[in-house]
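A.B. asks: I'd like to go over a predicted model; first the sequence, then the structure.
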Amino acid sequence: MLIEIPRLIISAPSSHSGKTTITCALISLLKSQGLRISGYKAGADYIDPDYLRTSGACSVNNLDLWLMNKTRTLELFALTSKNSDIAVIEGVMGLFDGGGYSTAGLAKLLKAPVILVVNVSSSAESVAAIVQGFKNYDRDVNVAGVILNCAGSKSHVNIIKKALNENNIHVYGAVLRDENLRLPERHLGLVPANETHKIIDIAPENFDIEGIIKLSKSAYPLEFTSQHENYKSNNNKRVKIAVAYDDAFSFYYPESLDTLKNFGAELIYFSPLRDKILPSGIQALILGGGFPEIFADELSRNEAMKKIIKEFDAPIYAECGGYIYLCDV
């Protein structure tokens with residue numbers, strides 16, 4: 001089957017270049033154009049997708065070539081983007097970091113053009129040399145242009161643009177240094193969006209929106225094989241599973257939860273922070289990851305929930321922060 005969805009990847013030479021900030025801004029601006037957006041994050045990441053989801057009020061999925069094979073990755077992208085006008089994918093780390101599982105590998109699989117976000121705070125004409133290196137490193141990856149981030153002034157931007165233009169590198173945007181745009185970080189990456197409630201607001205004149213939309217439409221059609229029906233259970237019986245989901249527990253992949261539902265599970269969400277009892281009639285319990293340590297006092301004070309989980313006589317699956325919480329009940 002073929003799919004012709006306009007798409008592009010936002011990547012960078014390295015981490016801490018501002019990929020998430022710029023991707024959030026672009027999704028928000030594309031949304032304001034009346035476009036239906038599907039968002040994606042390359043690699044294993046629970047936190048960044050929430051910022052993208054909040055920015056565009058859109059669905060966001062993970063595309064991870066390490067967790068899924070190429071066939072399944074293509075199928076997931078095709079099925080989740082088919083009703084969209086444009087798909088925006090945020091890369092992971094630097095463009096080529098991770099070998100075959102890198103953002104570059106994903107760009108080749110999806111036949112998607114790449115825009116590099118370059119932090120230019122400590123450089124000028126050298127930016128052109130850096131981008132040329134990325135364009136030439138693997139000619140099968142379409143590095144189509146750049147967005148300059150953390151520029152010191154308009155004159156700084158003009159100096160870099162001149163060098164890039166002389167080397168036929170298109171500039172799709174430029175954003176001046178602004179501490180208000182910086183997303184807060186914690187030991188596992190960014191502070192989750194549900195804690196910061198931060199909205200990225202960058203004026204549209206900072207971007208070549210028309211050029212970005214045109215670039216996304218240049219992506220070639222994708223051919224994929226659908227195995228979706230193979231993931232649906234033929235068993236009409238349903239199992240009710242309670243899933244912990246609140247500010248303390250929010251690290252879930254939509255694909256994982258969808259797979260459970262496709263196999264006949266009815267997922268019922270609850271909050272170990274606020275609820276006093278588990279949902280009725282459940283036959284299993286899932287405690288996902290998150291930052292329970294940040295909400296340790298509230299979780300500890302909810303003795304009713306701790307007691308009922310301790311006495312729960314059915315399968316419990318816990319991981320990461322959920323496992324830490326389970327060990328304390």
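C.D. replies: Yep, it's here. Note that the structure is predicted; figures quoted are calculated from it, not measured.
A.B. asks: the helices in this structure, which residues?
C.D. replies: Using DSSP state H, the helices found in the chain span residues 19-32, 48-56, 70-81, 103-110, 126-137, 154-166, 193-196, 209-217, 254-262, 296-301, 303-310, 321-328.
A.B. asks: low-scoring stretches of the protein, by residue?
C.D. replies: Scanning the chain for pLDDT under 70 picks out 188, 228-237.
A.B. asks: so where's the longest strand in it?
C.D. replies: Longest strand of the chain, by residue count under DSSP state E: strand 143-151.
A.B. asks: buried ones in it, by neighbour count?
C.D. replies: 143-151 (16 or more other Cβ atoms under 10 Å). All C-beta atoms are positioned from the backbone trio N, CA, C, and that covers glycine.
A.B. asks: so P292 makes contact with L326?
C.D. replies: No: with contacts counted by Cβ atoms under 8 Å, P292 stays clear of L326, the gap being 9.9 Å.
A.B. asks: and the two? which has more neighbours close in?
C.D. replies: Between P292 and L326, counted using other Cβ atoms under 10 Å, P292 has the larger neighbour count: 26 against 20.
A.B. asks: mind checking how far the more buried one is from R53?
C.D. replies: Between P292 and R53 the distance is 22 Å, computed by Cβ to Cβ, to the nearest Å.
A.B. asks: repeat that for N149.
C.D. replies: According to Cβ to Cβ, N149 and R53 sit 22 Å apart.
A.B. asks: now distance to I115 too, for the buried residues of strand 143-151, in CSV please.
C.D. replies: Below are the buried residues of strand 143-151 laid out as CSV (distance: Cβ to Cβ, whole Å):
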residue, distance to I115
V143, 8
A144, 6
G145, 6
V146, 7
I147, 6
L148, 11
N149, 11
C150, 16
A151, 16
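A.B. asks: ok, the residues you listed vs L215, which is closest?
C.D. replies: Closest approach between those and L215, by Cβ to Cβ: A144, at 5.6 Å.
A.B. asks: grab the nearest non-local neighbour of the closest one.
C.D. replies: Excluding its sequence neighbours, the residue lying closest to A144 (Cβ to Cβ, 6 or more residues apart in numbering) is P113, at 4.1 Å.
A.B. asks: OK, contacts around the one you found?
C.D. replies: By Cβ atoms under 8 Å, 6 or more residues apart in numbering, the contact list for P113 reads 8-9, 107, 142, 144, 215-216, 218-219.
A.B. asks: next, count neighbours for K162.
C.D. replies: Neighbour count of K162, defined by other Cβ under 10 Å: 13.
A.B. asks: oh sorry, the question was meant for D97
C.D. replies: When neighbours are counted by other Cβ under 10 Å, D97 registers 18.
A.B. asks: swap in G98?
C.D. replies: Here the number of neighbours of G98 (other Cβ under 10 Å) works out to 19.
A.B. asks: contacting residues for it?
C.D. replies: G98 is in contact with 43, 66, 92, 105, counting by Cβ under 8 Å, 6+ apart.
A.B. asks: from those, which is closest to T20?
C.D. replies: Taking Cβ to Cβ as the measure, T20 sits nearest to V92 out of those, at 10.5 Å.
A.B. asks: which residue is the nearest non-sequential neighbour of that closest one?
C.D. replies: Distance criterion Cβ to Cβ, 6+ apart; nearest residue to V92, sequence neighbours excluded, is G43 at 3.6 Å.
A.B. asks: now that neighbour: how far from G100?
C.D. replies: For G43, the distance to G100 equals 13 Å [Cβ to Cβ].
A.B. asks: who's more crowded, the two?
C.D. replies: The neighbour comparison of G43 against G100 (other Cβ under 10 Å) goes to G43, with 21 against 12.
A.B. asks: skip the chain neighbours and tell me the closest residue to N149.
C.D. replies: Nearest non-adjacent residue to N149 (Cβ to Cβ, 6+ apart): G18, at 4.1 Å.
A.B. asks: so who does G18 touch?
C.D. replies: 12, 117, 119, 149-150, 175, 181.
A.B. asks: so can I have CSV of the contacts of G98 showing distance to I316?
C.D. replies: Formatted as CSV, the contacts of G98 follow (distance: Cβ to Cβ, whole Å):
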residue, distance to I316
G43, 28
W66, 27
V92, 31
G105, 36
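A.B. asks: for N206, state which of those residues is nearest.
C.D. replies: Nearest to N206 among these, with distances taken as Cβ to Cβ, is V92, at 23.9 Å.
A.B. asks: quick one: contacts for that closest one?
C.D. replies: Listed by Cβ under 8 Å, 6+ apart, the contact partners of V92 are 41-43, 45, 98, 102-103.
A.B. asks: kindly reformat those as JSON lines containing distance to E125.
C.D. replies: Below are these laid out as JSON lines (distance: Cβ to Cβ, whole Å):
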{"residue": "K41", "distance to E125": "32"}
{"residue": "A42", "distance to E125": "30"}
{"residue": "G43", "distance to E125": "32"}
{"residue": "D45", "distance to E125": "33"}
{"residue": "G98", "distance to E125": "29"}
{"residue": "S102", "distance to E125": "27"}
{"residue": "T103", "distance to E125": "26"}
